[in-house]
Every structure is written in C-alpha cells, then in structure tokens.
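# quick one, structure for this:
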Amino acid sequence: MTETKNKVTDIRVRRTYDQLTDALIKLLAQKSFDDLTVLEICNQANVHRATFYKHFVDKHDFLNCCFKMKLAELELEKTDKDFSIEQMNENCMKMIKKVISFIEDNKDFVFCVSFEHYSSSFSNSLSDAIADFIIEQIRSKASFSEKLGYNLQLMAYYYSGAIVSLVRWWSTSENVCSKRMFLEFAKRKIDDLCNYFASFSDGEQS
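Residues are numbered from 1 along each chain as shown. Next up, the predicted model:
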C-alpha cells in the first residue's frame, strides 16, 4: 500500500474506504477473514473490484490499511518540553481515556478482529502508538532521557502492552467492571509509572 495517509484525505476516497471497512466488519461477523474474498468485500460495500485494486494490493493490504486508519483517529497529543511529573500524569490519563473512547467508538471493528489471529497485528500497532506516546513524553525532558537510557523503552513497552491488554479485556468482557473502576485502577498504575520517572528527576536510579 502506498501513500495511504495522503489518499484518505480525499473525501471520495475516504468514503470508499469507510464503505469497505463497514463491509468488512459485517462480513467478519459471518465468517473468518481467511475465508473472505475481495469480491465478497466489494459486493458488500457496493464498490467495484477494480476500485479496490486501485488502492490495495490484496485483502491483507486492505486490512493493514484499516488498522492504520483506525489508529490515526486516536490522535495522541504531543507534550511541551518543560513539563512536570503532575502534567505527565495528567497526559497519560488523558491518553488512556482516549484509548478507551477509541475502543468504544470502534467496538464492532475491535470485537471482530479480536477473534481473528490478525488481532495481534492490530494490538501491536496500538501498543506501538502508546509506547511512542510515553517515550515522547519522557524524551521531551532531556534530564529524564539522559538518565533512563534503555530503561525508557523497557518501561514504555511494558506499560503500553499492559494498557492494550487491559483495554481489550475490558471492552470484550461484559459487566466485568465499570469504566470508573477501570480508570481508578489505571490511575494507580500511571501513578506508579510517574513515581518511577520522578525518582530520576531526584537523581536516583532504581
């Protein structure tokens, strides 16, 4: 797939992508992705097959594009260079709330891919996006970045993986806990993360 980000800025192209994505979600409720054909997706979306191949190499390329387009909707905010630990804590909680809202807004899509072995690709992409957000938070403060070294990536991916796993579990398990309870638990974990990074600002390494 080439120039996907530029292509989807065109309203007509975006409409076609949305039609195909909606068709994919409906079809995945009936059969597995492996058993789907491009023709079935196009017929369900009322999109000509030639149009499909104008934008995608095959159905796998299309699925990867779906992942990227969905994650582009997440739009995690960037951080100011001179931030405090309190601001970092607030930013991380905003990020988690955004991820939850994103999952809720795209529940049909997430639910469908959760039962496909392709769900790992989507989860990995989401985990990477969250890890990049955490890494950017810390790297924007030079003193943290210099002291942490590889610990930064270790912590970022540890927490991003945990966040994705928890959110997926919460969104696909009915009546397990309320959103408020989930966010209270997440807040405690984010507090732990921020306290860990705060120790570096005090010149302590753990």
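
# what about the closest residue in space to F62 that isn't next to it in sequence, neighbour count?
Excluding its sequence neighbours, the residue lying closest to F62 (Cβ to Cβ, 6 or more residues apart in numbering) is F56, at 4.3 Å. Quick note: C-beta positions are derived from backbone N, CA and C, even for glycine. Neighbourhood size, F56 [other Cβ atoms under 10 Å]: 20.

# give me the pLDDT for F56.
Looking at F56, its pLDDT reads 94.

# go on, S114?
pLDDT at S114 comes out at 62.

# can you check I103 too?
Reported pLDDT for I103: 82.

# surely it meets V164?
No - using Cβ atoms under 8 Å, I103 is not in contact with V164; the gap is 9.6 Å.

# returning to that earlier point: do you know how far the residue nearest to F62 is from V167?
Distance of F56 to V167, given as Cβ to Cβ, to the nearest Å: 28 Å.

# worst-scoring helix or strand of the chain, pLDDT-wise?
helix 4-7 (a mean of 48; mean pLDDT, DSSP states H and E).

# show me the shaky parts of the chain.
For the chain, residues meeting the criterion pLDDT under 70 lie at 1-9, 77-83, 114-119, 141-146, 174-175, 200-206.

# contact partners for the residue most central in space within it?
In the chain, the residue lying closest to the centroid (Cα atoms, centre = their mean) is L126, at 2.8 Å. Applying Cβ atoms under 8 Å, 6 or more residues apart in numbering, we find L126 in contact with L71, L74, V99, V164.

# who's in contact with the third one?
Contacts were defined as Cβ under 8 Å, 6+ apart; by that measure V99 touches L74, L126, I130, I163, V164, V167.

# return the distance of the third one relative to D61.
Going from I130 to D61 by Cβ to Cβ gives 24 Å.

# those two: which is more packed in?
I130 (25 against 15).

# where does the residue nearest to the more buried one when sequence neighbours are not counted fall, secondary structure wise?
Leaving aside its chain neighbours, I130 sits nearest to S160 (3.8 Å; criterion: Cβ to Cβ, 6+ apart). Under the criterion of DSSP states H and E, S160 resides in helix 150-172.

# same deal with V13?
Assigned by DSSP H and E, V13 falls within helix 11-28.

# can you tell me the SS state at Q30?
Under the three-state scheme (DSSP: H, G, I helix; E, B strand; the rest coil), Q30 adopts coil.

# need phi/psi at it.
With angles defined as degrees, to the nearest 10, Q30 sits at phi -110, psi -30.

# before we move on, what about G149?
In this entry, G149 is assigned phi and psi values of phi 60, psi -130 (degrees, to the nearest 10).

# okay, it and L27: tell me how far apart.
G149 is 47 Å from L27, by Cβ to Cβ.

# more crowded one of these two?
L27 (20 against 10).

# the more buried one and F111, how far apart?
Taking Cβ to Cβ, one finds L27 at 14 Å from F111.

# likewise for D22?
In terms of Cβ to Cβ, D22 sits 14 Å off from F111.

# which of the two has more neighbours?
Using other Cβ under 10 Å, the more surrounded residue of D22 and F111 is F111, with 17 against 14.
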